[in-house]
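Colleague: no FASTA, just this:
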């Protein structure tokens, strides 16, 4: 059995450039499980399938599994239930299905393999027997440009109930790979193919580097006989009973760790010391139960300037544990108002100083943050906020809201960006179970906000967001120079003082004394003539037409 590390080394050793293709199967390879199951379940919910049609579909799938029906015939049975439905609605359906169901099933290991191939400039593609409505949203999120799938017939924007042949299965996948290689100038004899199924045996045999991921028992035997690398991923799929129990324990550990701080309060009468003890204890307890390790770069920036507003990219419910582990003391928090409805935990968080805000009501949210400004100014506490506002379904950074930036400006404290790279490995959005993982974190330098104004805020938000994008290796946001590596530098207090007090301006040079004018008696006739010419009025110059003001394009503005 190989390892993901060995597969990444093999990619690194391969030649650079698009001449090498990296082809991925989808179901069971890029994602855990089968998108078709989720697809059919949503069709039932939407009313696109009724009970009778579902029975027919299940019978067709069973016949295919037993070898009594070909893949194209099975897809024809599936397609007939879509006859007359608008295709655009299924593109939207696919996006919703990915966001709500499929995104959390993407294997982090497969994402790492895809990113490694993209870094080498390889031609990365998904070739799948599924439909594009299941695959394309995932491909976009993973940064994969080339997608080749089984196509359904469409006329006048509506499904006909037919299937485009040949379908993308068996030899059809080989044909699709050959077409991809011809179009992109790739060589399959120098290329990779990743799959979990013996149905893809023809394409596994066609490429130079067959890679078997999460294989069926039949493919596992073939791979062992041919000495193909085999790797099983454990980051997704059905969790064990132990993982359920540990996840539940980590979630509720907030309550006993809060109670453990009460004796500290009883002895010291310091609510602050009690909460600091509980926060640190919760971080260590929950991390141990989850199996969470942090690999932190720039740890010194967590302590160099406090109080501060710490902002982080939000991927997972594990972010709460991650931030508690990083910040540990003297913290005030912000949470969505729905947390208040959680039994016991919601009350504990409120007692711990978490401010609950209504994200749908910006005026209410701003008013609710007033106590946080006071906590930072008067008590020296820091605040942790996720400017995206909600968890993302993937590592791709969402748009930033301005609440954290307004808060830092009002309190007069710096912003400290915390970039979390792979918290989704622990618990992707929509997943209850925490899984053991090492999460990479980078803490960037504090950013001074003392010179920020409401008028310049959009520019600063964009600059800070670009710091996150740069650290995550994602395309920068337009509006700030692509070379920007940090937020706009602000003058330090020392620099401001220096600007006010020193250095003194140099004295202006004294004007040279004018020569004494000659007396009237000494003036010559020629000098008298010149003096007369200077005092006589000049004729007025002809009036010139006023130049029209130029607009931003440099052309004259038309008069209205």
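Modeller: Received, thanks. Computed from a predicted structure; not experimentally measured.
Colleague: point out where this structure drops to low pLDDT.
Modeller: 335-353, 355-368, 479-560 (pLDDT under 70).
Colleague: next, count neighbours for residue 260.
Modeller: 15 (other C-beta atoms under 10 Å). Yep, even glycine has a C-beta here, placed from its N, CA and C like the rest.
Colleague: go on, residue 115?
Modeller: That count, for residue 115 with other C-beta under 10 Å as the rule, works out to 17.
Colleague: who's in contact with it?
Modeller: Shown in contact with residue 115 (C-beta atoms under 8 Å, 6 or more residues apart in numbering): residue 143.
Colleague: how about residue 212?
Modeller: Applying C-beta under 8 Å, 6+ apart, we find residue 212 in contact with 194-196, 204, 219-220, 223, 228-231.
Colleague: could you redo the last one with a cut-off of 7 Å?
Modeller: 195, 219, 223, 228-230 (C-beta atoms under 7 Å, 6 or more residues apart in numbering).
Colleague: so which of the residues you listed comes closest to residue 120?
Modeller: Of all these, residue 120 sits closest to residue 229, with 17.7 Å by C-beta to C-beta.
Colleague: apart from its neighbours in sequence, what residue is nearest the closest one?
Modeller: Among residues not flanking residue 229 along the chain, residue 2 sits closest, at 4.0 Å (C-beta to C-beta, 6 or more residues apart in numbering).
Colleague: the one you found: neighbouring residues, count only.
Modeller: Neighbour count for residue 2, taken as other C-beta under 10 Å: 16.
Colleague: I'd say it and residue 230 touch.
Modeller: Yes - the criterion here is C-beta atoms under 7 Å, and residue 2 meets it with residue 230 at 6.1 Å.
Colleague: the contacts of residue 212 in helices, which ones?
Modeller: The helices, defined by DSSP state H, take in 219, 223 from the contacts of residue 212.
Colleague: any chance of the contacts of residue 212 in a markdown table, with distance to residue 41 too?
Modeller: A markdown table is the format used below for the contacts of residue 212 (distance: C-beta to C-beta, whole Å):
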| residue | distance to residue 41 |
| --- | --- |
| 195 | 24 |
| 219 | 26 |
| 223 | 31 |
| 228 | 33 |
| 229 | 34 |
| 230 | 30 |
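Colleague: reformat the contacts of residue 212 as a markdown table; add distance to residue 279 and neighbour count.
Modeller: As requested, the contacts of residue 212 are arranged in a markdown table below (distance: C-beta to C-beta, whole Å; neighbours: other C-beta atoms under 10 Å):
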| residue | distance to residue 279 | neighbour count |
| --- | --- | --- |
| 195 | 46 | 27 |
| 219 | 48 | 22 |
| 223 | 48 | 20 |
| 228 | 49 | 18 |
| 229 | 44 | 17 |
| 230 | 44 | 16 |
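Colleague: and the contacts of residue 212, which is closest to residue 394?
Modeller: residue 195 (22.6 Å).
Colleague: what number of residues lie near the nearest residue to that closest one once chain neighbours are set aside?
Modeller: Leaving aside its sequence neighbours, residue 195 sits nearest to residue 25 (C-beta to C-beta, 6+ apart; 4.1 Å). When neighbours are counted by other C-beta under 10 Å, residue 25 registers 23.
Colleague: so what are the sheet partners of the top strand by length along the chain and their directions?
Modeller: Assignment by DSSP state E gives strand 123-131 as the longest strand of the chain. Sheet pairing here is set by DSSP bridges, and for strand 123-131 it gives strand 21-24 (parallel), strand 146-150 (parallel).
Colleague: and the next helix or strand past that strand?
Modeller: helix 132-142 (DSSP states H and E).
Colleague: got the angle between that next one and strand 123-131?
Modeller: On the basis of axes from the mean of the first three to the mean of the last three C-alpha atoms, to 10 degrees, helix 132-142 is oriented at 150 degrees to strand 123-131.
Colleague: if we can go back for a sec, ok, so of the contacts of residue 212, who is nearest residue 390?
Modeller: Ranked by distance to residue 390 (C-beta to C-beta), the contacts of residue 212 are led by residue 195 at 34.6 Å.
Colleague: show me what that closest one bridges to in the sheet.
Modeller: What pairs with residue 195, by the bridge criterion (DSSP bridges), is residue 212.
Colleague: can you map out the strands along the stretch 401-550 of the chain?
Modeller: Taking DSSP state E, counting those that start in this stretch, the strands of the stretch 401-550 of the chain run over residues 415-420, 437-443.
Colleague: and the angle for the last one with strand 415-420?
Modeller: It refers to strand 437-443. 150 degrees.
Colleague: what comes up buried for strand 437-443?
Modeller: Neighbour-count burial for strand 437-443 flags 437, 439, 441-443 (criterion: 16 or more other C-beta atoms under 10 Å).
Colleague: what's the answer for stretch 372-384, then?
Modeller: Buried residues in stretch 372-384 (16+ other C-beta under 10 Å): 372-373, 375-376, 381-384.
Colleague: inside helices: which ones of those residues?
Modeller: Cross-referencing the buried residues of stretch 372-384 against helices under DSSP H gives 372-373, 375-376.
Colleague: tell me which residues in the helix or strand encompassing residue 73 are buried?
Modeller: Applying DSSP H and E as the criterion places residue 73 in helix 71-80. If you call a residue buried by 16+ other C-beta under 10 Å, then helix 71-80 has these buried ones: 71-72, 74-80.
Colleague: check stretch 216-226 too.
Modeller: 219-220, 222-223.
Colleague: tell me the contacts of residue 171?
Modeller: residue 202.
Colleague: between the longest helix along the chain and strand 437-443, how many degrees?
Modeller: Criterion DSSP H: the longest helix present in the chain is helix 271-290. Angle, helix 271-290 to strand 437-443, by the same axes, to 10 degrees: 140 degrees.
Colleague: and the following helix or strand past helix 271-290, what does it pack against?
Modeller: The helix or strand immediately downstream of helix 271-290 is strand 292-297, counting by DSSP H and E. Applying 3 or more C-beta pairs under 7 Å, 6 or more residues apart in numbering; DSSP states H and E, one finds that strand 292-297 contacts helix 319-327, strand 437-443.
Colleague: among the strands of the stretch 401-550 of the chain, which is nearest residue 162?
Modeller: Short answer: strand 437-443, nearest of these by C-beta to C-beta, at 44.9 Å.
Colleague: ok, residue 59 to residue 38 distance?
Modeller: 20 Å (C-beta to C-beta, to the nearest Å).
Colleague: go on, residue 213?
Modeller: From residue 213 to residue 38 the distance is 20 Å (C-beta to C-beta).
Colleague: between the two, which has more neighbouring residues?
Modeller: When neighbours are counted by other C-beta under 10 Å, residue 213 and residue 38 differ, and residue 213 comes out ahead with 25 against 18.
Colleague: so who does that one touch?
Modeller: With contact set as C-beta under 7 Å, 6+ apart, residue 213 has these partners: 29, 194, 196, 231, 233.
Colleague: count the neighbours of the third one for me.
Modeller: For residue 196, the tally of surrounding residues (other C-beta under 10 Å) stands at 21.
Colleague: check contacts around it.
Modeller: 25, 28-29, 213-216, 219.
Colleague: in strands, which of the residues you listed appear?
Modeller: Using DSSP E, these in strands are residue 213.
Colleague: and of the contacts of residue 196, the nearest to residue 269?
Modeller: Nearest to residue 269 among the contacts of residue 196 is residue 214, at 56.6 Å by C-beta to C-beta.
Colleague: so the closest one touches residue 27, yeah?
Modeller: No - checked against C-beta under 7 Å, the pair residue 214 and residue 27 is beyond contact range at 10.2 Å.
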